[in-house]
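Trainee: any chance you could fold what I've pasted below:
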Amino acid sequence: MFDEFLKIGYINSHLYGTYEKYDNSDFYFHDSKFINLHGDKTHYIELLNPNSKKSIILLHGIMVNLNTWRDHLDIFSSDYNIYALDFLGHGLSDKRDITLKDIVDQVHYFIEAKKIKRPIIIGHSLGGLVASIYASVYRCELDKLVIVSSVDYDYFNRDIINKIGGSILGFIDPFINSYTMPFIIHTVSKKVYNEPDRFLNKIEEYLCHVKIKGFKRSILSLMKNHDYPGFSSSNYSDIKCKTLIVHGDNDKLIFPDNARRLGKNIPNSEVIMIKNGSHMIVDELPFEFIQVVSQFLDS
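Mentor: Model (predicted):
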């Protein structure tokens, strides 16, 4: 993987020491592709299967990027065309002030631009929230939906911790820098992994965008603007496709009750709890994750 990851300053630099020092153009992967969507450049990768007319779109969580799906690409591409994209503000996509609606729109524009017919969307964490909103708003355009380690929209927006967190972001903004970033990353890793060292071993892949100018601005603006105007959990009833909701029963970041709430709100859905699964079940328990998703897609 690292042999295929080329960028200025990578080989002899440490993640934190080069915090927000580079531009998007200083980074690329061997399979990087870019597309302009309504003025914003989106970074993505694709694996096209000439024998398949079905497509899967993979959406990552907040703070990470499409590399969280690297270990799954070959498995899924044996039967599907695969697309994984970096959300705005993440990975190698454009950095600017963004809202949750901007990201939902980005997914919609991508599907339109690539002329993907009735895709399957698999979204993890923030990606699951984006996917569930997309499926509600554009309800006739999906074949199937998989929501992983994600959150019920109304519960998330009503949660007092999120409200307080959003109000203090402006205060902590000046204190997010090369010196505090290691503490932030270590703290978050304990919330999202059962074995935090696994994340720290992949930190250069999953957080390469921390080195890119504008990263902090993008993430903080998204965290302040995580509502979707006019949307509520009642809109989940508009989801017409078959839906699988996957969650780890040991998720310390987004508690398993959120999966059950989603299951009650989304018609024609199934909830599966993965035993001993953390928030990052896609990475820590890839076999179990692939198994339940493959069974759902084959059904």
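Trainee: just the helices in the stretch 51-200 of the chain please.
Mentor: Applying DSSP state H, counting those that start in this stretch to the stretch 51-200 of the chain gives helices spanning 70-77, 100-114, 126-137, 153-158, 160-172, 181-192, 196-201.
Trainee: now the residue most central in space within the chain: how far from P229?
Mentor: Centroid-nearest residue in the chain: H60, 1.8 Å away (criterion: Cα atoms, centre = their mean). Shown here: H60 relative to P229, a distance of 24 Å by Cβ to Cβ, to the nearest Å. C-beta coordinates here come from the backbone N, C-alpha and C atoms, glycine included.
Trainee: got the helices of the stretch 51-200 of the chain as a markdown table, with mean neighbour count, distance to F34 and mean pLDDT columns?
Mentor: Formatted as a markdown table, these follow (neighbours: other Cβ atoms under 10 Å; distance: least, Cβ to Cβ, whole Å; pLDDT from 0 to 100):
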| stretch | mean neighbour count | distance to F34 | mean pLDDT |
| --- | --- | --- | --- |
| helix 70-77 | 16 | 18 | 91 |
| helix 100-114 | 19 | 12 | 97 |
| helix 126-137 | 26 | 20 | 97 |
| helix 153-158 | 17 | 30 | 88 |
| helix 160-172 | 11 | 29 | 51 |
| helix 181-192 | 15 | 27 | 80 |
| helix 196-201 | 14 | 27 | 80 |
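Trainee: report pLDDT for the residue nearest to the centre of the chain.
Mentor: Confidence at H60, expressed as pLDDT, is 98.
Trainee: now do the phi/psi pair for it.
Mentor: phi -90, psi 180 (degrees, to the nearest 10).
Trainee: who's in contact with it?
Mentor: Listed by Cβ atoms under 8 Å, 6 or more residues apart in numbering, the contact set of H60 reads L66, T68, W69, A84, D86, F87, H90, G91, H124, S125, L126, G127.
Trainee: switch to 6 Å and redo it
Mentor: Counting by Cβ atoms under 6 Å, 6 or more residues apart in numbering, H60 makes contact with L66, T68, G127.
Trainee: what does A259 give?
Mentor: By Cβ under 6 Å, 6+ apart, the contact list for A259 reads I245, H247, V271.
Trainee: for E284, same thing?
Mentor: E284 makes contacts with S278, as judged by Cβ under 6 Å, 6+ apart.
Trainee: right, and S189 touches F199 too?
Mentor: Yes: judged on Cβ atoms under 6 Å, S189 makes contact with F199 at a distance of 4.4 Å.
Trainee: may I ask which helix or strand of the chain has the lowest mean pLDDT?
Mentor: Taking mean pLDDT, DSSP states H and E as the measure, the chain has strand 5-7 as its least confident helix or strand, at a mean of 43.
Trainee: next secondary structure after it?
Mentor: Using DSSP states H and E, the helix or strand that follows strand 5-7 in sequence is strand 27-29.
Trainee: for that following strand, buried residues please.
Mentor: Neighbour-count burial for strand 27-29, counted by 16 or more other Cβ atoms under 10 Å, picks out F27, Y28, F29.
Trainee: which residue packs closest to G248, ignoring adjacent ones?
Mentor: In space, and not counting its chain neighbours, G248 is closest to G277: 2.3 Å by Cβ to Cβ, 6 or more residues apart in numbering.
Trainee: and V64, how far is that from S132?
Mentor: From V64 to S132 the distance is 19 Å (Cβ to Cβ).
Trainee: and for Q106?
Mentor: Taken as Cβ to Cβ, the span from Q106 to S132 is 15 Å.
Trainee: same question, K191
Mentor: Applying Cβ to Cβ, the value for K191 to S132 is 22 Å.
Trainee: what's the answer for S149, then?
Mentor: 12 Å.
Trainee: try Y193
Mentor: 24 Å.
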